[in-house]
Structure formats: structure tokens, C-alpha cells
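> Provided below are the primary sequence and the corresponding predicted coordinates.
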Amino acid sequence: MSDKDTNQKPFEPRIVAFFCNWCTYTAADLAGTARMTYAPNVRVIRVMCSGRLDPQFILTALRQGADGVLIGGCHPGDCHYQEGNYKALRRFTLLKRLLREMGIEDERVQLEWIAASEGDKVQKVINRITEDVRRLGPLHLEPEALDRATEALLPDQTPAVAEGGAL
Amino acid sequence: MSAAENKTNGIPKIGVYVCHCGINIAGKVNVPEAVEFAAKLPNVAVAREYKFMCSDPGQEIIQNDIREGLINRVVVASCSPLMHETTFRTAMAAGGGNPFLFQMANIREHVSWVTPDKPAGTQKAKALIAAAVERVARHVPLEKTRVPVNPDVLIVGGGIAGIHAALTIANAGKKVYLVEKEPTIGGHMAKFDKTFPTLDCSACILTPKMSSVRAHPNITLWTYSEVVGVEGFVGNFRIQVKRKPRYVDEDLCVGCLECIESCVYKKGRISDEFNVGLSKRKPIYVPFPQATPLVAVIDPESCAELKTGKCKKPCMDACEPKAINFKQTEEIKEVSAGAIILATGFRTFDAARVKRYGYGKYPNVYTSLEVERLVNAAGPTGGEVIMSNGEKPKKVGIVHCVGSRDAHTNKYCSRVCCMYSLKLAHLIKERTGAEIYNFYIDMRTPGKGYEEFYDRLLQEDVHFIRGRVAEISDWTMTPEEEGKLIIRAEDTLVGAVRRIPVDMVVLSVGLEPRADADEVRRLFNISCSHEGWFLERHPKLAPVSTFTEGVYLAGACQGPKDIPDSVAQAGAAAAEALALIDKGHVELEPNTAFIREEFCSGCKTCLMLCPYSAISFNSEKNTAEVNGALCKGCGTCVAACPSGALQQNLFTDEQIYCEIKGVVNYV
């Protein structure tokens, strides 16, 4: 587990973002091309669609040491795969309940619809979540509590996957 | 995880290549530090830096390392994968590696270009490199699948762009379906009298092209029709087209127009769309004399027979070929195509939105499109520029940038208004001898022969006043202003506010996306820019492609364009479509879902989630099955599978978990 060195340096939140290939990842590229500077705390993982997001990815990110998670998908009605973003929204809504049960503040896990042309929104959202999480401070998770939650969500899944599976 | 666990993939020997991209990356990321960091990551055999990884020598470095057996997997830390993933995959394949044992870390668009602080940028770059290294170790060799391409092309929109694209493709021997919403093709260009800067007669250059479309054996022309459904994917689209009833049989009508003569409406009573409301038409009409196809159309909103069923129907008696058929109904046609070109065009800005210019309030305030019809010899006045009272104007004011370059309406420059304002200034002067005032913010004439045309207008004694017009009113201050429209504007070159009394005002309206652009883009699954124009894949390198493979853009649906640019882009879109269909097949990304049967419990959760019906249930095995040809790789089913039986190539759970670990754990 990560154990960040928070005593010596000021707290810099570590945030994992999952961006869909078609809208939000492209928007983040646009923010780059347009040189819109923003906080360096968000690290992006590209998925083809926000519908690919298994709630366990978010839990795993938090467990591995992220202080927050940002999910970016296409605006409702604009999904490259018709309605993957709606499916992501449903899962996200359910996951939020679980996170609250675990005492994880709402602002730590955020979902945003960002279209390919909205580079400025990427900038705004990343700066905002960085500030939100900075204000909340580091996420000190009890690993056991998280393990229990992960198990509750999908029994037996994590260990099997961690072994690499039979690909 | 140790390398030994990756039995099926061979022992990972990862090469990490960090690109400087000149100073684009090296300016904000300490590249040597990142390389040193990468070299210590698990399974990394080689870590190098180079100025431009995407250059030939850069790619050569990777290929040499593969050939020498130093590495079997590659991480390139450079720009966005949307930019160069294909470049490096191709390079890997050329070097003898599997192109899918590759991962890119986006340290330019996502790091150096957005992070002002170098140490912070370096940290972030390291995290992304670590994630890529963790991930690529779990990649497996994959192959692209090939599917055949249907050689037919669908073109939506029959303006000059759609027409040019259709003819280009049809001349190459391919079959084209051209679908146009209006009863005729021709688009906006058909409404113009002359084209700038050559003052070519618009109809003279357009009409032959329209006729060629109609006559071309390879073109199926469907006017008065709309695309209502699109399914499938690149190379294999299935499109539903709604053909609205014209109530006139297209095959029988010979275009004699006798029916229009004989209509119970002795005179036109309905606002004529083609003349932008400056004249009236009958319920049965052709939009203009050169309409293509030259087939009458009956407007169900105003036709007495269609509204009440109580008309004597003299049109039917007048029609010798018996083409009129009131029983015609809407038809849905289904066609298949390998590529789609969208050329749906634009609409002009609604001048009434800028209230202070008095459009709709003062009868002698016209929009530029209305004046285009007035100066057109085939227009409502036979080419006479006359005002609502039938008199010729003695003084005319042309107001530039109406609805353009204004934070209240559209911020962007509409690109054609300066030039068409100059053209209209010339034409109005030619027709009326009036004194003309052009009110401009900047004069923008970037195009072949455009600046020369501006010079010519300067010599034609047209007045140019630099400054945005504040207001147009009939509020007079002096007896000379009586009965005139007063244009109040600051003359920024003189530094004074001026009041210019004129008889007629022309508002040079800007270009906007069509009102239904949003529906259209959703139908074809493409994106729009902020302003609502269809979004190209890359503004410089892929200006006619979209993010949906096989769908291309032509003309002003992508942004304001003049005729030469629209035609050039239509040619480019046609060439892209031809390149696609001539190849005969497309290679599909292997990022499809697959099922590990031994884990599938047969719960059927995935079946309902798939937007492409790519998953079916095998009741014999009691497992789900994925049809790889139908799957588009969204991964929604994979996320939902409760037993982890469904996985997605290139985005397996394992790969993503490792990426998460990499992105947070090392830095």
C-alpha cells in the first residue's frame, strides 16, 4: 500500500482520472494543444468508453494510494457507443453510496461530461477536483475496510485478476 | 508481479523511449531524469531518449532494439496516442515485433504542454511512464481483423460540396447515393447571382454540375429526402432514408410545369423559400427554373386537395404524363454504403437577433442573402435592386460582421462576409449607380485574387468606414435625414461618431451551423466544435475525417467556407472515401471483447448491455458468446460481467489494474 510522505512536503493530492477515448481524452489533448495549464495532480488512464469503468477500478485506485478519482465521459446523448456513459452514470451513482458508507467524501470521486471540444472544461475540472481533494487532505483508508468493501462489491474477483488470469 | 507469470507472452523485455519533441517536452520535463527512472522499473531492458521519436531515425532506434533481441515490448513516452500510436505500432511491426505489445505515455498534451512547473511535470511524466511500463508487460500479441468494404458511398447534402464529392466519386466508377433534404440540389450557391472575386455567374458554373449529377449513371439522387437511421461501421454502414412524398411521380414528370399554371391558386400565395420570402409561390411549384431534378413538388401544408380533399385538381388534368399522385406516401429506403460524406452546409445568421439593426422593423433593411436574390436575374425582381416601394436606392449601407466577431452572437469570423459584401457593393453599384458605404471592423480578404478584388472596389469609389455599426434607425436629426435610415457608427479611422443617412441597408450576416446540426451529428455519431460545426479529426492533419471511421466532412458543415474551399474540401473528402473503398477492406482495431468460457456463469447480464447486439447466448454451453465482427470495443459488457469472464483486448482488467498501480505507486 502506498504510504505517502506527508510530513515533510506539503500535501499534493494524487488523483487518477479515467477518460473516455472519444470525448474527454480528446478534450484533454485539446487542452494540451491549446497550452491551457492546470494542476499536475491528475494522471489520466485512457479507456475506450466510460462504460468500461468497473467500479472496482475506482476502489483499486483509492486503495493503491490515490486521494481522488475523476471520471470523464461524453455528454449524455453523445456517447460514441450510444449510451455507455449512461451505464457509467448508473454504476457511479451506486458506487457513491458505497463510498459514503466507507466514509469517503463525495468530492473525492467525481464524474464529469466533457466533450471533445471542451479543453477549457478539462482545465477547470482538473483544477477543481485538485482543490477539492487538497482541502479534504490525504485519503487515509483502512486497508481492511476497503478490502471488505471490495469483496462486498464483487466477491472473489480481485484475487483472481491479480494473479493475471488466463489470458 | 514477476515476469515469470507472463507465460503466454514471453518474458517481457521492455524498451522505454522518452521523446524530447524538441523543447515541446524537454522544456517542461527533465528527460534524462525520466529515462533514469524508467530504467529501474520492472521488466525494463532498455531506456533511451531521443529528440524526435516519431522521425525515421527515432523509429529506427526502436526497430534496431527489437531486431537485436534487446526488447520485445515498447513504451514510447511522447505525444498523444491519438497522434502517433499508429506510427509506432507500424514501426514495431516493421522491426519484426507485434504492434500491440506497445503502449504510449502521453507526456506532451497531458504533461509538458499543461504543466508550468518543470519538477511537477517531470514527476507526472514519470508516473505516466511507470503506468505504461506496468501495463505493457501484460499486453498480449494481437492481430487486426479485416472486413470487406462496401464500395458504395452515401453523401448527405446536395450543395456545391455534396455535388462535387458525388461527381468525383461517381467519375471514379463508384456508386453514390446523394441525399438532399430540399426538393432540389444546388444549396446556397444556387441562390447567388455572381461569385467573388471573378464575378463568374453562379448558375452558369453550377447548373452543368447539377445536370451531371442528375444524368450520371453512378449517382442515385434522392431529393426531398432525409437520412433517418444509420447503423453499422466503417465499410459497412446501413442507412435508412426517408423519401418524403412529392405527390408528383419523379419518373413520369417531364418538367413542363403545366400543372403549376393550372393550379386553382391563380397567383402564388405562399412565401417562397428559395427567394428567402421575397416572392410568393403556389402550393405546386419548382423551387427555381434550373431545379434538379426538374420535378414539381406539392406542399401539403397549402395544397387544397391535400388539406381538404375538396379541390377540382386541375393540375391532374393539365399533367399529360399523369405524374401527379395525391396518394403518394412517405417511403423508407434502406441502402448500404462503405463510406459516408456529410455535406450538410450551414444557415445564415438570423439578423433579427441583433435588434439594434432593425431587421424586420424597417422594410428597407435587408440581409445579404435577400440582396443576393434581388441582384439575381432569375430572382423575384429580375435582377433589379429595388426597395419595398419599388424605387432604386440612391444610397446603400452595407454592414459587415452581423452575427460574427461578437461575443453576444458568434465569436468567430464567418470568413465569407467581407468578400461577398464587396461583391454586393459592386453589383448594387452596377445595377443602381447608388453611393455605397461599407461599414467594416477589419477587412479580411485572404484568398486567391481576393485582395485584388478589394483594391478594385476601392477604385470603384465605394466608401469604406472602419467601425462597428452601433445602430440603424429612422430617427432623424436634420431635414436631409428625413425618410432615410440612419446608420450610426464610430469611424475609428477618423475618431468620430458618424451618422450616415441611406435608403437601403444590407446586413452582411454570418454563417452558423444548421438548426438541425445537432440531430445530424448524433445520427452519424460525430462530434461538434464549441460553435456547433462538425468536428474534424485533426484541424491540420485530418481536416475531412471525423472521429467515426468512414464518415467524412465536406464544405461548410465543418466551418464557414467559401465556394473554392468547399469544393476543395469536397474533393479531399471524396479522395479519402475512395482510398477507403478502393482498398477493399478495413482493418479493425482488435480492442474487442472476448469471453473466457470457463468463468461464464450464464447470467446474461452482458446481453442487454451491448449496444451492437454483438453478444448472444449459447444455450448448449450455457455461456455468452461475443461476435468479434459486431463488437466495437466499448467494454461496457466487460465492466458489467460479475465473474470477470468477459474481457476486452487491449483493455483487460489486468492491464487496467496494472496501469492504476503504475500511475500511483512509483511517484
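Looks like it came in fine. Residues are numbered from 1 along each chain as shown, chains lettered A, B, ... in the order given.

> Report the spatially nearest residue to residue 100, omitting neighbours in sequence.
No chain was given, so I picked chain A. Leaving aside its chain neighbours, A:Arg100 sits nearest to A:Asp106 (7.1 Å; criterion: Cβ to Cβ, 6 or more residues apart in numbering or on different chains). Glycine gets a C-beta too; all of them are placed from N, C-alpha and C.

> actually it's chain B I care about, not the one you picked
B:Leu142 (4.1 Å).

> Return the residues in contact with the one you found.
B:Asn98, B:Phe100, B:Pro590, B:Asn649, B:Leu650 (Cβ atoms under 8 Å, 6 or more residues apart in numbering or on different chains).

> One more pass at 7 Å, please.
The contact partners of B:Leu142, by Cβ atoms under 7 Å, 6 or more residues apart in numbering or on different chains, come to B:Phe100, B:Pro590, B:Asn649.

> Next, give phi and psi for it.
Main-chain torsions, B:Leu142, degrees, to the nearest 10: phi -130, psi 170.

> got it, and B:Gly229?
Dihedral angles for B:Gly229 - degrees, to the nearest 10 - are phi -150, psi 140.

> Look up how far B:Asn618 lies from it.
B:Gly229 sits 29 Å away from B:Asn618, going by Cβ to Cβ, to the nearest Å.

> Equivalent analysis for B:Gly467, please.
74 Å.

> Could you find the closest non-adjacent residue to residue 84?
All of this is about chain A. Going by Cβ to Cβ, 6+ apart, A:Gly84 has A:Gly51 as its nearest residue, at 2.7 Å.

> you looked at the wrong chain, it should be chain B
B:Cys54 (5.2 Å).

> just A:His75 next, same as before
Nearest residue to A:His75, sequence neighbours excluded (Cβ to Cβ, 6+ apart): A:Trp113, at 4.3 Å.

> right, and that neighbour touches A:Gly73 too?
Yes: using Cβ atoms under 7 Å, A:Trp113 is in contact with A:Gly73, at 5.9 Å.

> Regarding residue 91, which helix or strand does it belong to?
No chain specified, so I'll use chain A. Per DSSP states H and E, A:Arg91 falls inside helix A:84-101.

> that's the wrong chain, I wanted chain B
B:Ala91 belongs to helix B:81-94, assigned by DSSP H and E.

> I'd like to know which elements that helix is packed against.
Under the contact definition 3 or more Cβ pairs under 7 Å, 6 or more residues apart in numbering or on different chains; DSSP states H and E, helix B:81-94 sits against helix B:56-67, strand B:73-78, strand B:102-106.

> Take these and write them to a markdown table, including mean pLDDT and mean neighbour count.
Shown next, in a markdown table, are the helices and strands packed on helix B:81-94 (pLDDT from 0 to 100; neighbours: other Cβ atoms under 10 Å in any protein chain shown):
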| stretch | mean pLDDT | mean neighbour count |
| --- | --- | --- |
| helix B:56-67 | 97 | 17 |
| strand B:73-78 | 98 | 29 |
| strand B:102-106 | 98 | 27 |
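
> closest one to chain A among these?
strand B:102-106 (7.3 Å; Cβ to the nearest Cβ).

> who does that closest one pair up with?
Next to strand B:102-106 in the sheet, as set by DSSP bridges, lie strand B:73-78 (parallel).

> Pull the distance from the partner strand to the chain's centre.
33 Å (Cα atoms, centre = their mean, to the nearest Å).

> How about residues contacting that strand?
Outside strand B:73-78, the residues within contact range by Cβ under 7 Å, 6+ apart are B:12-19, B:21, B:25, B:34, B:53-54, B:62, B:84, B:88, B:92, B:101-105, B:107-108, B:125, B:128-129, B:132-133, B:136-137, B:139.

> bridging residues for the residue nearest the centre of chain A?
The centre of chain A sits closest to A:Val69, judged by Cα atoms, centre = their mean, with a distance of 2.8 Å. Beta-bridge partners for A:Val69, by DSSP bridges, are A:Val16, A:Val109.

> list the contacts for it?
A:Ile15, A:Val16, A:Ile58, A:Ala61, A:Leu62, A:Arg108, A:Val109.

> so the fourth one sits in a strand?
No: according to DSSP: H, G, I helix; E, B strand; the rest coil, A:Ala61 belongs to no strand; its state is helix.

> list the contacts for B:Asn649?
B:Leu142, B:Pro590, B:Asn591, B:Thr592, B:Phe594.

> try 10 Å
Contact analysis of B:Asn649 by Cβ atoms under 10 Å, 6 or more residues apart in numbering or on different chains lists A:167, B:100, B:139-140, B:142-143, B:589-594, B:628, B:631, B:633, B:635, B:655.

> Ok, B:Ala614 next?
Taking Cβ under 10 Å, 6+ apart, one finds B:592-593, B:606-607, B:625-634, B:637 in contact with B:Ala614.

> which one is it nearest to, not counting chain neighbours?
B:Leu630 is the one closest to B:Ala614 (Cβ to Cβ, 6+ apart), at 3.6 Å.

> what's the one you found in contact with, if anything?
B:Leu630 makes contact with B:Gly232, B:Phe233, B:Thr592, B:Cys610, B:Tyr612, B:Ser613, B:Ala614, B:Ile615, B:Ser616, according to Cβ under 10 Å, 6+ apart.

> Tell me the secondary structure at it.
coil.

> Look up how far B:Gly232 lies from it.
9 Å.

> try B:Ser601
For B:Ser601 relative to B:Gly232 (Cβ to Cβ), the value is 32 Å.
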